[in-house]
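Peer 1: here you go, sequence then predicted model.
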Amino acid sequence: MIVTIQLYFRMIAIIVSTNRHHSKSKQVAQFYQNLLTNLNAETQIIDLAELPDDFARTALYENNGKNENFNRLKYQMREAEKFVFVVPEYNGSFPGVLKTFIDGLGYPSELLHKKAALVGISDGVQGGALALSHLTDILNYLGLNVLAQRVKIPFMKKNFVEGEITDPLINKLIAEQAELLVKF
């Protein structure tokens, strides 16, 4: 089996942190990609909806390196210099598929000494604040440097319409975060 590896060095990888197909997270990732493109940054979206359904069994632990579809995403993570995690709130935290994906990156992690920005989304009032807090703890443990300015998009149905952020303050904060990430 031959695995083709595309190099994304100096790339900012935008992680859609759910495996739900056609998710709001993917739409926010595309919005963020446009922001970064306007800042002349190279980007790549890594959508966890592309994970093999059985990856927890066929790509982790004793099967590390044996699942070509998982390996493709893992190599994209390895070659990226920076990340944007678009994180939906699931049951007061972040999606379990993201944690399993991170665990599959191995230890020491593909994230070690790299940099990231976090964007939380939810239909509730806090915009995924608790999810971002939980994820930050894990990313810090793995040696990933997380940008202090974490953007939260609450009330998604009102604040993110037709692929655009409608709230002026959130728009300002996410644009600032994107600029900081490019300079980070």
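Peer 2: Looks like it arrived, so ask away.
Peer 1: C-alpha only now, for contacts and for neighbours.
Peer 2: Will do.
Peer 1: can you give me the buried ones in the strand or helix carrying S133?
Peer 2: Element membership for S133 (DSSP states H and E) is helix 129-141. Residues of helix 129-141 classed as buried under the neighbour-count rule (16 or more other CA atoms under 10 Å) are 129-133, 135-136, 139.
Peer 1: and for stretch 27-36?
Peer 2: So, applying 16+ other CA under 10 Å, buried residues of stretch 27-36: 27-30, 32-33, 35-36.
Peer 1: then stretch 45-64?
Peer 2: 45-49, 51-52, 55-56, 58-60, 64.
Peer 1: pLDDT on that stretch, on average?
Peer 2: Averaging pLDDT along stretch 45-64 gives 94.
Peer 1: can you give me the helices in the protein?
Peer 2: Residue ranges of the helices in the chain, as given by DSSP state H, are 24-38, 55-58, 68-79, 96-104, 129-141, 156-159, 168-183.
Peer 1: can you redo the ones you listed as JSON lines with distance to I121?
Peer 2: Shown next, in JSON lines, are these (distance: least, CA to CA, whole Å):
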{"stretch": "helix 24-38", "distance to I121": "8"}
{"stretch": "helix 55-58", "distance to I121": "25"}
{"stretch": "helix 68-79", "distance to I121": "22"}
{"stretch": "helix 96-104", "distance to I121": "15"}
{"stretch": "helix 129-141", "distance to I121": "8"}
{"stretch": "helix 156-159", "distance to I121": "7"}
{"stretch": "helix 168-183", "distance to I121": "11"}
